[in-house]
Structure formats: C-alpha cells, structure tokens
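# Mind looking at a prediction? Sequence and model below.
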Amino acid sequence: MQLKRGLKPYARTLAVALSLAFVAGCSSSGGTQDGSMDGTRGGAAGSGVAGSGQVGGTGLGAGGTAGQQADGRIPEQRTIYFEFDSDRIRSEFEPVLSAHARYLRSNGSARVVLQGHTDERGTREYNMALGERRARSVERFLSVQGVSPSQVEVVSYGEERPAARGQNEEAYAQNRRVVFAY
C-alpha cells in the first residue's frame, strides 16, 4: 500500500513528460515547400473575412517575436496556417501559440474559440473533420502550455468561411487555418 502511494507523483510527472514529448514529436520540422504563409509574406490587404477574428499585420515587430505582447494584451497575430491535408502545427507558428498560451494563463477569465478552417478541396464532411482536427491540435498545444481547458472552445467551419476566394494555391493556403477568436 505504501509503495502505491509513493508512485503517484511519478505517474503525474511521467504523464506531463509524455504530453510534452507528444507535442514536440507532432511539431513540424520547419519550412514550407514554397515558403508561403510563414507570417512574413505580404498579401492582399483585407483578405480576411469579416468576423473571422483575423487581424491585419504580421505580428512581427522590430525586436519582437511573432505574436508576443509585453503589456498583457491579446497577441496581435490570431491566425496560424497549415499544410494541405494536415493538422500538424508548423514550427514557425509555435511562438504565436506560446504567446496566446501566456496570455490565457495570465488572464484566467479570458476565453477563446479556436476556429478550424480548410480549403475547398475534399468533401464537406471531410473538411469539417479536418477543421476540427486542426483546432484540436492547437487546443492540445495550449493545454500542454498550462492553459485551462475551460478557457478554450473548438469549432470547425471546414470550407464554409473562406478567408480568400479562388481556386489556386495562394487562396487555398490562406484558407487552411485556425483563427483565435476572443
């Protein structure tokens, strides 16, 4: 009986370590095939859909890191992008997610809706599921960073709310995203 109680703290530590290893293993090794959607490329101004939670600007300031706010405000960059048919968080967006996690941890009453989106390719049902998987992968990242599950809600819009119209790779890339809606 004494041995059983003595293992409980170790089991908790092991669970946290495995969660961290899982997130690290799921993160992208970096880079994209064409270098697009890394938060630094210029695009058409105002391409976001009204009410999508998308904010203008790249969130990259001189001397700053993507999406980080020093004064406790909601991080500027509220959209992260995904590769085709993937729910894996790309490494260039990890600083953005970490900034959102810091904000949520320091503002316990703040709530966020993670809106998962896809491009138009695939069936409606498949895209709804993929949008949810993308939002859930962001939710897992935030959870490992210590964000309370009660602060996060996941919604999938699939292909229903595109950020960009068009049937080309540039439009598709802008539509494969998760938006932080506070």
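Here it is on my side, so go on. Numbers count the residues shown, from 1 in each chain.

# Which residue ranges of the protein form strands?
In the chain, the strands defined using DSSP state E lie at 79-81, 112-117, 152-158, 177-181.

# ok, residues contacting the longest one?
Strand 152-158 is contacted by residues 104, 111-118, 124, 127-132, 134-136, 139, 142-143 when judged by CB atoms under 8 Å, 6 or more residues apart in numbering. Heads up, the C-betas are built off the backbone N, CA and C, glycines and all.

# That one vs strand 112-117, what angle?
20 degrees (axes from the mean of the first three to the mean of the last three CA atoms, to 10 degrees).

# show me what contacts Met128?
Counted by CB under 8 Å, 6+ apart, Met128 has contacts Ser156, Tyr157, Gly158.

# ok, Arg124 - contacts?
Going by CB under 8 Å, 6+ apart, Arg124 touches Gly158, Glu159.

# which stretches of the chain have low pLDDT?
1-71 (pLDDT under 70).

# let's go with 90 and repeat that
Scanning the chain for pLDDT under 90 picks out the ranges 1-72.

# quick one, helices of it?
Secondary structure of the chain (DSSP state H): helices at 2-26, 94-106, 124-144, 169-175.

# circling back to that earlier point, which of the strands of the chain sits closest to His100?
In terms of CB to CB, the element of the strands of the chain nearest to His100 is strand 177-181, at 5.9 Å.

# Run through who's touching the closest one.
Counting by CB under 8 Å, 6+ apart, residues outside strand 177-181 touching it are 52-54, 74-75, 78-82, 100, 112-117, 134-135, 138, 163.

# Mind checking which of these are buried?
52-54, 74-75, 78-82, 100, 112, 114-117, 134-135, 138, 163 (16 or more other CB atoms under 10 Å).

# Arg73 and Arg102, how far apart?
Distance, Arg73 to Arg102, by CB to CB, to the nearest Å: 11 Å.

# With neighbour numbers in mind, choose between those two.
Arg102 (18 against 9; other CB atoms under 10 Å).

# Arg136 and Asp87 touch, don't they?
Yes. Assessed by CB atoms under 8 Å, Arg136 is found in contact with Asp87 at 7.5 Å.

# Mind checking which of these two has more residues around it?
Neighbour totals were compared for Arg136 and Asp87, and Asp87 leads with 20 against 17 (other CB under 10 Å).

# out of the strands of the chain, nearest to Glu170?
Nearest of these (CB to CB): strand 79-81, 11.7 Å.

# Can you give me the neighbour number for Ser143?
Ser143: 16 neighbours (other CB under 10 Å).

# Could you find the closest non-adjacent residue to it?
Distance criterion CB to CB, 6 or more residues apart in numbering; nearest residue to Ser143, sequence neighbours excluded, is Pro149 at 6.4 Å.

# Neighbours of the one you found, how many?
Pro149: 9 neighbours (other CB under 10 Å).

# Check Val155 too.
Count around Val155 with other CB under 10 Å applied: 14.

# Many thanks, I have nothing further to ask.
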